[in-house]
Every structure is written in structure tokens, then in C-alpha cells.
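J.: show me the folded form of this:
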Amino acid sequence: MRYITFALAKGRLAKKAMDILEKSGITCEEMKDESSRKLIFVNEELKLKFFLSKASDVPTYVEYGAADIGVVGKDTIMEEGRNLYEVMDLGIGKCRMCVAGPESARDLLNNHELIRVATKYPVIAKDYFYNRKHQTVEIIKLNGSVELAPIVGLSEVIVDIVETGTTLKENGLCVLEEICPLSARVVVNQVSMKMENERINEILARFRAGLLE
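T.: Here you go, the predicted structure:
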């Protein structure tokens, strides 16, 4: 029997996903050792392997079959645009993707003016402005705190994840438009879904059971 491999987005998401699985009997004791330098963790009994990776790499591992199953945020799935099956919403890590900026930028959005948009998510931003709003904008990709951009005059607005909105408020910014709700999703490799259908469905059933606990 071959191993079924999981790719989990490092950090809170991986921890929460493992908590859900543990409630339905899928455990991986090796992962609990904080000092471990291991990259791949194994549950021999259930023939499962787990590894942690940067969130933006999870869809890539899954598309290419290096992982059968992945757990990652909807924002990453949208931004990466990989060929995979999104099979389940875990409902954890809930937040939303928004257009934010100073209140004064609201008119620029309403009047479809040519503006600059700073974001870590250029694909999502482009899709929203070009395909949904039909507004021509200049998109500037940033890697750090995008809230800075409108404050220092780099852009009129930003596209970013908003959880509570506190950081925005503290910097004189607010949510101007909501693009979509976000949460953690389970994704599956397309070939694995066909070849290992029974085992994957069993794992998905365990995820569901763990969520109900």
C-alpha cells in the first residue's frame, strides 16, 4: 500500500488541521516534537506522510503530485491558480480579501478612475479590477506591509487580507470593497483523486468528523 502524502501550510493552519484530524483518529506524534529537524513525518500504521511547507508552495506540491492532499488558505489557491480539486472548506482561519484605503479613495473606485493598487496578491487584484469591476488599474506588487503604500503615497488603495480591520483603523484606512470571504480549504491532486479515491474519501470523511467534534 502506498503512502498518502499531506502538504500543510506552515503555522496556525497546519496545527489546526492536525487538531481536526486527531479528533477523528488520524495522528502524527512525530509532528508534536517542536525540536525536530525532520522534514517529513510519518504515520506507519495508517500509511500517511505529512510535510510542512510555505503556504504559496502547497498548491504546487499538490498539482504535481508530490502531495496527494493539501491544506491551505483560499487566498493562496486563488493567487496560485493551480490545477487541483478544491474539495472542502474547513471553515478555519476565516477572514476576507478586501480593497482598502483612506475613505477619500472611495470616489476613485466608484468613478472607475485609473488608480494604483498595491498588493501581495497581484493575480487576485487583477482579476477583481479587470474582470469583475472592469476598471483599469496599475497593480504594484509588494512583499511587506501593504498598509504603508497608501500612507506614503505609493498607491491609492491596497488589496489585502482583512481579519479584524484593526491594523487598517490604526493607520487611518478602512475597507472600501469586499472581494471574497476566505478560509482554509482541503485540495486534492487530480490523479490521486482517481487512483486513490477510496482512501482519499475516507480521509475527507475523517476531516468532516473532526469538524463536528
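J.: all strands of this structure, in order?
T.: Secondary structure of the chain by DSSP state E: the strands cover 4-9, 40-43, 48-53, 69-73, 85-89, 95-101, 115-119, 137-141, 157-162, 174-182, 184-188.
J.: only C-alpha atoms, please: export the shortest one in CSV.
T.: Coordinates of the C-alpha atoms in strand 40-43 are reproduced here as CSV (Å, rounded to 0.1, in the frame of the first residue of the first chain):
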residue,chain,number,x,y,z
ILE,A,40,8.7,14.5,6.6
PHE,A,41,6.6,13.0,9.3
VAL,A,42,5.2,9.5,9.0
ASN,A,43,2.3,7.6,10.5
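J.: what's near enough to touch Ser56?
T.: The contact partners of Ser56, by C-beta atoms under 8 Å, 6 or more residues apart in numbering, come to 76, 79-80. Bear in mind the C-beta positions are built from the backbone N, C-alpha and C, glycine included.
J.: burial of Ile40, as a residue count?
T.: Using other C-beta atoms under 10 Å, the number of residues around Ile40 comes to 11.
J.: of the strands of the chain, flag the one that's most buried.
T.: Highest mean neighbour count of those: strand 69-73, a mean of 29 (counted as mean count of other C-beta atoms under 10 Å).
J.: so how far is Ala184 from the most centrally placed residue in the chain?
T.: Among the residues of the chain, Gly73 comes closest to the average C-alpha position under C-alpha atoms, centre = their mean, at 1.9 Å. From Gly73 over to Ala184 the distance is 6 Å, taken as C-beta to C-beta, to the nearest Å.
J.: just to revisit the earlier point, what about the contacts of Ser56, which are in helices?
T.: Cross-referencing those against helices under DSSP state H gives 76, 79-80.
J.: picking that back up, could you pick out the buried ones from the contacts of Ser56?
T.: Neighbour-count burial (16 or more other C-beta atoms under 10 Å) is assigned, among the contacts of Ser56, to 76, 79-80.
J.: run through the bridge partners of the closest residue in space to Glu177 that isn't next to it in sequence.
T.: The shortest distance from Glu177 to any non-neighbouring residue, by C-beta to C-beta, 6 or more residues apart in numbering, is to Val99 (4.2 Å). Going by DSSP bridges, Val99 is paired in beta bridges with Val159, Glu177.
J.: good, we can wrap up now.
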